[in-house]
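> below is the sequence, then the predicted model.
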Amino acid sequence: MLGMLPHRSLYHLAKKHGPIMSIRLGSVPTVVVSSPPVAEMFLKTHDAVFASRPKVQVLQSIYNGKKGIAFTELGPYWRSVRKFCNQQLFNASKIESFAPTRKEVLAHFIESLKEAAVAKEVVNISKKVGDLNEKMTLKMILGPVKKYEEFNLKELIDELTNLAGAFNLADFVPFLGAFDLQGLKARTRTLGEKLDKVLETIINDHQQQKQDDFVGMMLTELNKQMNPDGDIMDRNSIKAITIDMIVASLDTSAATLEWALSELIRHPSVMLKFQQELESVIGKRMVEENDLPKLEYLDMVVRETLRLHPVAPLLVPRESMEDIVIDGCYIPKKSRVLVNVWAIGRDPNVWSNNVEEFFPERFINSNIELHGHDFELIPFGSGRRVCPGKKLGLITIKLILAQLVHCFDWELPSGMSPNELDMTENFGTSLPRKTNLCAKPIYRM
Ligand code: HEM
């Protein structure tokens, strides 16, 4: 009913029915939120009521009773895991400690693009940037990634995101679960076994040789009690948190990067202005992470990209924990809540009439930031469940984007003009481009 691009269908419905809509998906009452003030009511004023997550059948059987962070219901276990992740994994010094790794991986990447430039090759940017982001992120989560190549971890994660992104009838009409009409159960079982095997290997390796990546940090807490409720950080928790981190980090940053570069290629004057900023702030050397705070136009380009192309267009679904009335609308306990940030980014009351235009200058003298406090722009969500990887994600995106634009001009293949570039979206667990972005790099340093 909602089609292949539900965020767009819901956006059109909200224009007709308003910023709080109540719909029924199967037997699940669902509320769709589509304006900044209403989002603030759900994610700030009544955040405690809406900060849980619904159960997703596929993930439940993959995790087999294990609990991670992203899809876990609100409660003492989630609170303890979230606190641990914020303090130990996402703190500024931990993120900073992986800067040399990011620099090294990026330098190799730029060298490979230089070779492509010499050979005048067209490069599949979507794929290349996805691989680069994967290398950077997995090194931080798992350590020596090469060692795990034989397990095809990326393929397994892709299968997981396909399964989790599929519209599973059993999530909306629970009694149909027993019939497995879509054949998801069998695929889920096989995938669960494969993932378990690779995670066992990773944990065993880390137990034999201490490492300071995410898995290593979690293992320092192995079998310790996390809270007075008796929750333990056991082997299964470590596996589930590791999977959540990988799923949450890979496609999100990669999709943001391909959209940003697509928009820059489609808007040569923005590209030029960005390159001029890089030349005047950095000059003829590589971009370093400590340059990023000085690059104001880059910051506007990233905010504008995430306004038009939020990679989680309906956030991650929330579930209400009690009956509540908001703005005259009765919302029963266990309703599903979808916040349409894609629609919010196109609200003409906030963004004026040129909402569809890629125009980073709209952020000059604007105090609308990405922190999750300005409800006009919440691609990382807000409140208790706000994305804990926001800082890491933004560093990765800005560093890669700045380097790609500083070192190269980009030409579309076969004489295609910028306005012919296909910008169709592909809705799943994230919102990447439907077709890969391909272009020819021309070295300019
Ligand atoms: C462009 C990059 C990213 C975007 C746009 C993004 C967006 C989001 C969004 C919208 C949510 C749900 C927020 C809500 O319900 O209010 C979320 C949750 C989450 N993100 Fe991100 N994310 C990004 C990168 C990352 C990275 C790099 C990591 C980790 C390495 C990460 C880890 C997580 C986790 C663990 C959660 C679940 C939090 C919870 O439920 O408590 N994300 N993210």
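Noted; the coordinates are in hand. Numbering: from 1, shown residues only.
> quick check, Leu106 in a helix?
Yes. According to DSSP: H, G, I helix; E, B strand; the rest coil, the state of Leu106 is that of a helix.
> wait, it touches Gln403, no?
Yes. With contact defined as C-beta atoms under 8 Å, Leu106 reaches Gln403; the gap is 6.0 Å. C-beta coordinates here come from the backbone N, C-alpha and C atoms, glycine included.
> for Val32, grab phi and psi.
When read as degrees, to the nearest 10, the backbone of Val32 gives phi -110, psi 130.
> residues near it, how many?
Val32: 25 surrounding residues under other C-beta atoms under 10 Å.
> how about it, nearest residue that isn't a chain neighbour?
Among residues not flanking Val32 along the chain, Met21 sits closest, at 4.5 Å (C-beta to C-beta, 6 or more residues apart in numbering).
> assign the one you found to helix, strand or coil.
strand.
> renumber starting at 685 from here on
Fine by me, first position is 685 from now on; the one you just mentioned is Met705.
> OK, contacts around it?
Applying C-beta atoms under 8 Å, 6 or more residues apart in numbering to Met705 gives the contacts Leu694, Leu697, Ala698, Val715, Val716, Ser718.
> looking at those, which one is closest to Ile916?
When these are compared for distance to Ile916 (C-beta to C-beta), Val715 wins out at 35.1 Å.
> give me the pLDDT for that closest one.
At Val715, the model reports a pLDDT of 96.
> hey, what's it bridged with?
Ser706, Val1021 (DSSP bridges).
> touching, it and Cys1013? I think so.
Yes. Contact criterion C-beta under 8 Å: Val715 and Cys1013 qualify, at 7.4 Å.
> shared neighbours, the two?
Both Val715 and Cys1013 are contacted by Ile704, Ser706, under the criterion C-beta under 8 Å, 6+ apart.
> so if I had to pick from those two, which one is more boxed in?
Comparing Val715 with Cys1013 by neighbour count (other C-beta under 10 Å), the higher total belongs to Val715, at 22 against 13.
> contacting residues around stretch 782-791?
Residues outside stretch 782-791 that contact it (C-beta under 8 Å, 6+ apart): 816, 819-820, 823-824, 970, 972-973, 1079-1080, 1083-1084, 1087.
> hang on, the earlier thing: distance of the residue nearest to Val716 relative to Ala735?
21 Å (C-beta to C-beta, to the nearest Å).
> ok, now Leu976?
For Leu976, the distance to Ala735 (C-beta to C-beta) stands at 31 Å.
> for Tyr747, same thing?
The gap separating Tyr747 from Ala735 is 20 Å, by C-beta to C-beta.
> measure how buried Leu1083 is and give me the count.
Neighbours of Leu1083 (other C-beta under 10 Å): 22.
> wait, doesn't it sit right on Val971?
Yes. Using C-beta under 8 Å, Leu1083 makes contact with Val971 at a distance of 6.5 Å.
> who in the stretch 885-1034 of the chain is up against the ligand?
Within the stretch 885-1034 of the chain, the positions adjacent to the ligand are Asp928, Met929, Ala932, Ser933, Thr936, Ser937, Thr940, Val995, Ala996, Leu999, Val1000 by C-beta under 6 Å from any ligand atom.
> got a winner among those residues for most neighbours?
Highest neighbour count within those: Thr940, with 28 neighbours (other C-beta under 10 Å).
> that one: what's it in contact with?
When contacts are counted by C-beta under 8 Å, 6+ apart, Thr940 is found next to Val986, Thr989, Leu990, His993, Val995, Gly1077, Ile1081.
> for the residue of the stretch 735-884 of the chain found nearest the ligand, give me the pLDDT.
Distances between the stretch 735-884 of the chain and the ligand by C-beta to the nearest ligand atom are smallest at Ala754, namely 3.5 Å. For Ala754, the model assigns a pLDDT of 92.
> repeat that for Gly702.
96.
> please save the CA atoms from stretch 820-838 in PDB.
Extracted as PDB, the C-alpha positions of stretch 820-838 are listed here (Å, rounded to 0.1, in the frame of the first residue of the first chain):
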ATOM      1  CA  MET A 820      37.800   2.200   8.300                       C
ATOM      2  CA  THR A 821      34.900   1.200  10.500                       C
ATOM      3  CA  LEU A 822      35.500  -2.500  10.800                       C
ATOM      4  CA  LYS A 823      39.100  -1.900  11.900                       C
ATOM      5  CA  MET A 824      37.700   0.100  14.700                       C
ATOM      6  CA  ILE A 825      35.100  -2.500  15.600                       C
ATOM      7  CA  LEU A 826      36.900  -5.800  15.000                       C
ATOM      8  CA  GLY A 827      40.600  -5.000  14.500                       C
ATOM      9  CA  PRO A 828      42.500  -7.000  11.800                       C
ATOM     10  CA  VAL A 829      39.700  -7.100   9.200                       C
ATOM     11  CA  LYS A 830      41.800  -9.000   6.600                       C
ATOM     12  CA  LYS A 831      41.800 -12.000   8.800                       C
ATOM     13  CA  TYR A 832      38.000 -12.300   8.500                       C
ATOM     14  CA  GLU A 833      37.800 -11.900   4.800                       C
ATOM     15  CA  GLU A 834      37.300 -15.600   4.200                       C
ATOM     16  CA  PHE A 835      33.900 -15.300   6.100                       C
ATOM     17  CA  ASN A 836      32.600 -12.700   3.700                       C
ATOM     18  CA  LEU A 837      31.300 -10.700   6.600                       C
ATOM     19  CA  LYS A 838      30.100  -7.900   4.300                       C
END
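> ok, stretch 756-773 near the ligand or not?
Yes. Shown here: stretch 756-773 in contact with the ligand (C-beta under 6 Å from any ligand atom) through Arg766.
> what are the contacting residues of that stretch?
The contact list for stretch 756-773 (C-beta under 8 Å, 6+ apart) reads 735-737, 739, 751-753, 778, 898, 901-902, 905, 910-913, 915, 917, 921, 925, 929, 1003, 1005, 1068, 1072.
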